[in-house]
Every structure is written in C-alpha cells, then in structure tokens.
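Asker: Sequence plus predicted model, see below.
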Amino acid sequence: MDSTSLHTVAAAMVAKPKGILAMDESTGTIAKRFSDIGVENTEENRRRYREMLVTASGLGQRISGAIMFEETLFQETEAGVPFVECLRKEGIIPGIKVDMGLEKQPNGEELTKGLDDLKERLARYKAAGARFAKWRAVIRIGEGLPTEKNIAESARRLAAYAKACQDAGIVPIVEPEVLMDGDHTLARCEEVTRDTLKAVFRELAAAKVDLKGMVLKPNMIVPGKDGPEASAEEIAQRTVAVLKECVPKEVPGIAFLSGGIGDDDVTVYLNEMNKAARDLPWSLTFSFGRGLQRGALESFGKGDLAGGQKALLDRAKESSMAAMGTYRG
Ligand code: 13P
C-alpha cells in the first residue's frame, strides 16, 4: 500500500463524529469479563458475543473501526457471514490487535511481546481484511516505577511494530498506556505520560514511521484509582496540554483508551476536552473497550442480545457526542 492509502485509512479512523470500538480482548481478558456476567469462556460464547457486537445495526454511524482479537478476525456469524463482512457493510474498518501480550519483568514492570513473527502475521491479517493494527505497551506507576529503561524499551518496541505495520500497508495504532493502578496524583500521571509520549515520538522518528499514517491511543491524564480525586476540567486541561507538548501535528488523530475509568466520567472528560479545545492540530476521539461494552456485556450475560446491541449503540452515541463536545450527560 502506498502512503496515500495509509493516510486515508488513518484519517478515516479518527474522522468525527466517529471513534474506534476496541473489542480485542484476549482470551484471558474476556475470561475475566465473562466471569463477571456468569458466562463460560468458550470459543462459541466468544463468537456469539462478538456476533452481537458486529451485527448491531447502525453501529457504523458512530464507529469508524473495530479492533479484533486474532480469533475474531477469522470468525463468522451463525449464518456464515464473516465478521469482517458485517463490519464492512456498516462502513466500519476492520482492525487487529497484533501484540502477543505482556511479559513480566523482575521489578514488576511489563514489556509487550510479539515482534518476532510480526511480519508474517501482518501479511496474513491483511489478507483477511485487516486495515489497521494495535499494539499496547503498559507503563506502571509505583514505588520507583516506571524506570527509564522500561519506558525506553516499550517505546522502541512500539516504534518497531509501527514501522512493520506501515511496511505491510497497515495503519498502526500506537498505544502507550500509563496505568491507573495505584494511589498516585494527577501530577504524577501527567509527568509519566509526558515522559512516555516524548520517548515514543523520539523512537517513532528514529524508526522513520510516517506520522500521517498512524493513530495514537493514549491514556487520559487522571489520578491513580486510589489517589486524590481531580475535577473533569483539570483532567481535560492537563491531558490536552501534555498532548500539545508531545504529539506532532502530522498525527491525524488521538483516540483515547478508557482504561478502567467509569462510563460517565470518561465521556465527560472527552467531552470537556472537545468543548474547551480550539485549534487542535489533531482529532480527539475515543477507542474504548470497557467504556463501550459494559452494558452490552451485562445484557449478553442475561441472554438479551437485542438489549446488548442497544447498550452498545447508546454508548457509541454518547462517546460520539463527547468527541464532538456536545455530550450533555
Ligand atoms: P479500555 O478502553 O477498556 O482501556 O480498552 C482499550 C484497549 O484497547 C486496551 O488495550
């Protein structure tokens, strides 16, 4: 694929009023989500759950792209329609999570793996219809954490992944997530997010990644889950300020992860950023996993598929309004 196509896909992924649906939970992560709703984690249940999501009629009005787990990319509806086709019918771009999860380091930090056979896998995913990919690095705040070394290596791997994607004609979503776990302050999250984003863009430049052909998926700058609370205005203001400081204007868009923030809060924060922000060089939208699926999962657990689709569509609509700065709660 030439760079024009990469640019077109990246721009479409973050074009308002839409955002990205992250439905790429690994088999281990979906096990946790299913256990909360009393559903057994079998391949068929995962298929049925994801069929409910990708066949929600009208989803394409609010969702530009859907990130899938490898298993999902190759699955079909009960009636034999490939999920990729269901998405295309809605005008939703199919995407794929390509990292192979995290490896724990002796000091408690984590590094993302999956670079070894990435080139071969990307070719396979592209042939199956994926037009963009995702790789998530995690940065943990704690006693003496994060280390510079972990930030540097996470950034280096993100850049190597992004370059491999572009070489394969696939748009990379670059996701460095500073985790909310802990009792740290908003200021500490701000500092670590700034250091992380600076390292990531240094490595992306060194790897010659085409910034117009990628999407950034960062955390919002929030206090730790057990830390002192902060107002929505402050969270929005600090997040936008750090992004302005670190993210080059060539990047077409920034699609936030929800990271365990509650549905209402994450929507209000995104709305606040888009309401207050003028003259931003990039689009600010969403790429929520939990932030879009909580209600859908709950209904699925009760066997209410229509209710699950409605819950997903409702959350997609609220998130979309937040991306426009018109969410009223
Ligand atoms: P959350 O919105 O649940 O954080 O998920 C987004 C995601 O894709 C994490 O990698």
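Answerer: Received the coordinates, thanks.

Asker: what pLDDT does the residue of the stretch 151-300 of the chain found nearest the ligand get?
Answerer: When scored by C-beta to the nearest ligand atom, the stretch 151-300 of the chain has Gly289 as its residue closest to the ligand, at 2.7 Å. For glycine as for every other residue, the C-beta is placed from the backbone atoms N, C-alpha and C. You'll see Gly289 listed with a pLDDT of 98.

Asker: 49 is where my numbering starts, stick with that
Answerer: From this message on, residue numbering opens at 49, which makes the last subject Gly337.

Asker: Can you name the residues that contact the residue nearest to it when sequence neighbours are not counted?
Answerer: Nearest residue to Gly337, sequence neighbours excluded (C-beta to C-beta, 6 or more residues apart in numbering): Ala70, at 3.7 Å. Contacts here follow C-beta atoms under 8 Å, 6 or more residues apart in numbering; on that basis Ala70 touches Ile115, Lys182, Leu305, Ser335, Phe336, Gly337, Leu340.

Asker: out of these, which are inside strands?
Answerer: Ile115, Lys182, Ser335, Phe336 (DSSP state E).

Asker: Looking at the residues you listed, point me to the pair that's furthest apart.
Answerer: Lys182 and Phe336 (12.9 Å; C-beta to C-beta).

Asker: Contact partners for the residue nearest to Phe117 when sequence neighbours are not counted?
Answerer: In this structure, Phe117 finds its nearest non-sequential neighbour in Asp72, 4.7 Å apart by C-beta to C-beta, 6+ apart. Listed by C-beta under 8 Å, 6+ apart, the contact set of Asp72 reads Ile115, Met116, Phe117, Thr120, Gly143, Ile144, Lys145, Lys182, Gly337.

Asker: what are the phi and psi angles of Asp72?
Answerer: phi -110, psi 30 (degrees, to the nearest 10).

Asker: Could you check how far it is from the ligand?
Answerer: In this structure, Asp72 and the ligand are 6 Å apart, going by C-beta to the nearest ligand atom, to the nearest Å.

Asker: From Glu118, how far out is that residue?
Answerer: Using C-beta to C-beta, to the nearest Å, Asp72 is found at 9 Å from Glu118.

Asker: same question, Ile218
Answerer: Counting by C-beta to C-beta, the gap from Ile218 to Glu118 is 14 Å.

Asker: Which parts of the stretch 199-348 of the chain are strands?
Answerer: 219-226, 263-264, 301-304, 331-336 (DSSP state E, counting those that start in this stretch).

Asker: Direction included, what does the last one pair against?
Answerer: Here strand 331-336 has these sheet partners by DSSP bridges: strand 67-71 (parallel), strand 301-304 (parallel).

Asker: CA atoms of the first one as CSV?
Answerer: Spelled out, that is strand 67-71. Coordinates of each C-alpha in strand 67-71 appear next as CSV, following Å, rounded to 0.1, in the frame of the first residue of the first chain:
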residue,chain,number,x,y,z
GLY,A,67,-14.4,6.7,17.2
ILE,A,68,-13.0,3.2,17.4
LEU,A,69,-14.5,0.2,19.1
ALA,A,70,-11.9,-1.9,21.0
MET,A,71,-13.3,-5.4,21.0
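
Asker: Could you see whether the ligand lies near the helix or strand just after it?
Answerer: Elements were assigned by DSSP states H and E; along the chain past strand 67-71, the next helix or strand is helix 75-84. No - remark: helix 75-84 sits outside contact range of the ligand, by C-beta under 6 Å from any ligand atom, the gap being at least 8.7 Å.

Asker: Let me know the helix or strand that the closest residue to Ala178 other than its chain neighbours is in.
Answerer: Of all residues not flanking Ala178 in the chain, Ile144 sits nearest, at 4.1 Å (C-beta to C-beta, 6+ apart). For Ile144, the element it lies in under DSSP H and E is strand 141-145.

Asker: Show the pLDDT at the residue of the chain most remote from its centre.
Answerer: Most distant from the centre of the chain: Ala127, at 29.1 Å, with distances by C-alpha atoms, centre = their mean. At Ala127, the predicted lDDT confidence score is 98.

Asker: Tell me the residues of the protein that contact the ligand?
Answerer: Ala70, Arg184, Glu223, Leu305, Ser306, Gly307, Phe336, Gly337, Arg338, Gly339.

Asker: low-scoring stretches of the stretch 49-198 of the chain, by residue?
Answerer: Along the stretch 49-198 of the chain, the model assigns pLDDT under 70 to residues 49.

Asker: Can you give me the distance of the residue farthest from the centre of the chain to Leu107?
Answerer: From Ala127 to Leu107 the distance is 18 Å (C-beta to C-beta).

Asker: How about Glu158?
Answerer: For Glu158 relative to Leu107 (C-beta to C-beta), the value is 32 Å.

Asker: More neighbours: which of the two?
Answerer: Neighbour comparison, Glu158 and Leu107: the larger count goes to Leu107, with 21 against 17 (by other C-beta atoms under 10 Å).

Asker: can you tell me which residues contact Lys161?
Answerer: By C-beta under 8 Å, 6+ apart, the neighbours of Lys161 are Asp147, Met148, Gly149, Leu150, Glu151.

Asker: what is the last one paired to in the beta sheet?
Answerer: Note on Glu151: beta-bridge partners Leu159, judged by DSSP bridges.
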